[in-house]
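Colleague: Below are the sequence and a predicted model for it; my questions follow.
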Amino acid sequence: EKGGFDHFMLKEIFDQPASLTDCLRGRLDVSNLTLTLAGVDQHLSVFTQAKRIIMVACGTSWHAGLIAEYMIETICRIPVEVEYASEFRYRDPIIHPGDVIIAISQSGETADTLVAIERAKEQGAFIFGVVNAVGSSIARLSHAGAYTHAGPEIGVASTKAFTAQLTVLAMMALKIGKAKQSISEEAYKHYLTELSQIPEKVQVILSGHESIREVAQVYAEANNFLFLGRGYNFPVALEAALKLKEVSYIPCSGYPSGEVKHGPIALVDETLPTMFIATKDKYYDKIVSNIQEIKARKGKVIAIVNPDDSAIRGVSDHVMEVPETDELLAPLLTVIPTQLMSYYIGVLRGLDVDKPRNLAKSVTVE
Ligand code: F6R
């Protein structure tokens, strides 16, 4: 059942070229430049007229929501808020007619997310579910939705469900942006082409797993870990920190790299590894100077970079390469080396990566 892999987590990481292909199948048609998402198509005007979109989720799914915030604001020019379900449900949230709630959940059974959307539904919001588990409670409670089609995820730490969530959310943003004409035909075509190439690019990263394992070996005994990124790669830093702490029990934190000087830099010494998610985008030069600030304090730097990178390679202790894509889709690639590194460090520390202590696959209690 683990398909020859030692753990479900590793199998599910390696499933991603196939799970992403499944997620895109029948939806993205590059030759005709169409995107078919029945749940969005049937309610297109709800989305194009939305005054605001509120994402509600927990954990890894909340990180997918943060990335979708950047995507939707860029492509659709609709204001987005991203809420932790556990906070949203206990506040008295302000919901206006015309607000759209997107609930993101792998299991479709997370109690906090479920109750949050029940409350929002009572107040008249339109609820759209981005869910992996077919027929689950959140899927049934939503007015409409789009399944992520990642297949069953058994490992407690979410991996392939996350990349499928990003893929669905990117398709939604593009569909809505096209309908609203908030992006040009040319940009639309560019994004569709890039999106269609993601599964094979993920495969390229997975083929390089051995060099990621070598870096994991160097840092398996670390007592602390910092993850930094900007723009679309900022939520990837948060996700990488969550994943590593879940499976290795190493205290990890993730920040936007611009925030480091406001506090976290106090942690930096020669024992602290910092991972920078530093693919080519509009923040590149800023990231290079952020890395120099860490190196000046003798911190160890691991950087996720594109193959043609030279500036960051020169100042980092280790690099992990991912193929180039548009910055909007970069998280689909940059998260892969972080998943692999977390897995290898957890295994090297002798831990049960599929069932970390104190965690359950679906959190059906408050
Ligand atoms: C992290 C993880 C959790 C879940 C969270 C939400 O690896 O698995 O943080 O992402 O409990 O679960 P779902 O997506 O099932 O609502």
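Modeller: The structure has been received and is ready for your questions.
Colleague: Phi, psi for the spatially closest residue to F14 that is not a sequence neighbour please.
Modeller: Leaving aside its chain neighbours, F14 sits nearest to L206 (5.8 Å; criterion: CB to CB, 6 or more residues apart in numbering). C-beta: built from backbone N, CA, C; applies to glycine. Dihedral angles of L206 (phi, psi; degrees, to the nearest 10) stand at phi -60, psi -30.
Colleague: quick one: contacts for L206?
Modeller: 13-14, 16-17, 336, 340 (CB atoms under 8 Å, 6 or more residues apart in numbering).
Colleague: The ligand versus that one, what's the distance?
Modeller: Going from L206 to the ligand by CB to the nearest ligand atom, to the nearest Å gives 19 Å.
Colleague: I'd like the numbering to begin with 16 instead of 1 from here.
Modeller: Happy to do that; since the first residue is 16 now, the last one works out to L221.
Colleague: Strands of this protein, start to end?
Modeller: 43-44, 49-50, 67-72, 95-99, 114-120, 141-146, 159-162, 240-244, 267-271, 288-292, 315-320, 333-336 (DSSP state E).
Colleague: Would you convert those into JSON lines that also reports mean pLDDT?
Modeller: Shown next, in JSON lines, are these (pLDDT from 0 to 100):
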{"stretch": "strand 43-44", "mean pLDDT": "98"}
{"stretch": "strand 49-50", "mean pLDDT": "98"}
{"stretch": "strand 67-72", "mean pLDDT": "97"}
{"stretch": "strand 95-99", "mean pLDDT": "97"}
{"stretch": "strand 114-120", "mean pLDDT": "97"}
{"stretch": "strand 141-146", "mean pLDDT": "98"}
{"stretch": "strand 159-162", "mean pLDDT": "98"}
{"stretch": "strand 240-244", "mean pLDDT": "98"}
{"stretch": "strand 267-271", "mean pLDDT": "98"}
{"stretch": "strand 288-292", "mean pLDDT": "98"}
{"stretch": "strand 315-320", "mean pLDDT": "98"}
{"stretch": "strand 333-336", "mean pLDDT": "98"}
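Colleague: Is it possible to get these out as CSV so that each row also shows mean neighbour count and distance to A188?
Modeller: Output for those, formatted as CSV (neighbours: other CB atoms under 10 Å; distance: least, CB to CB, whole Å):
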stretch, mean neighbour count, distance to A188
strand 43-44, 18, 13
strand 49-50, 18, 10
strand 67-72, 25, 10
strand 95-99, 19, 10
strand 114-120, 27, 11
strand 141-146, 25, 12
strand 159-162, 21, 12
strand 240-244, 28, 20
strand 267-271, 21, 21
strand 288-292, 28, 21
strand 315-320, 25, 23
strand 333-336, 20, 27
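Colleague: Is it possible to get CSV of those strands that adds distance to D369?
Modeller: Putting the strands of the chain into CSV (distance: least, CB to CB, whole Å) gives the following:
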stretch, distance to D369
strand 43-44, 31
strand 49-50, 35
strand 67-72, 22
strand 95-99, 26
strand 114-120, 20
strand 141-146, 22
strand 159-162, 24
strand 240-244, 21
strand 267-271, 19
strand 288-292, 23
strand 315-320, 25
strand 333-336, 23
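Colleague: could these go into TSV alongside distance to the ligand?
Modeller: TSV is the format used below for the strands of the chain (distance: least, CB to the nearest ligand atom, whole Å):
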stretch	distance to the ligand
strand 43-44	23
strand 49-50	23
strand 67-72	6
strand 95-99	10
strand 114-120	3
strand 141-146	8
strand 159-162	13
strand 240-244	14
strand 267-271	12
strand 288-292	17
strand 315-320	19
strand 333-336	20
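Colleague: follow-up on the earlier one: can you tell me which of the contacts of L221 are in helices?
Modeller: Those of these mapping onto helices are 28-29, 31-32, 351, 355, per DSSP state H.
Colleague: Pick the one among those residues closest to M187.
Modeller: Q31 (19.7 Å; CB to CB).
Colleague: Is there a neighbour count for the closest one? I'd like the number.
Modeller: The number of residues packed near Q31 is 26, by other CB atoms under 10 Å.
Colleague: For it, which residues are in contact?
Modeller: Q31 neighbours (CB under 8 Å, 6+ apart): 174-175, 178, 214, 217, 221, 351.
Colleague: and with 10 Å instead?
Modeller: Listed by CB atoms under 10 Å, 6 or more residues apart in numbering, the contact set of Q31 reads 38, 165, 174-175, 177-179, 213-214, 217-218, 220-221, 347, 350-351, 354.
Colleague: Could you do E209 as well?
Modeller: 45, 185, 216, 339-341, 343-345, 347.
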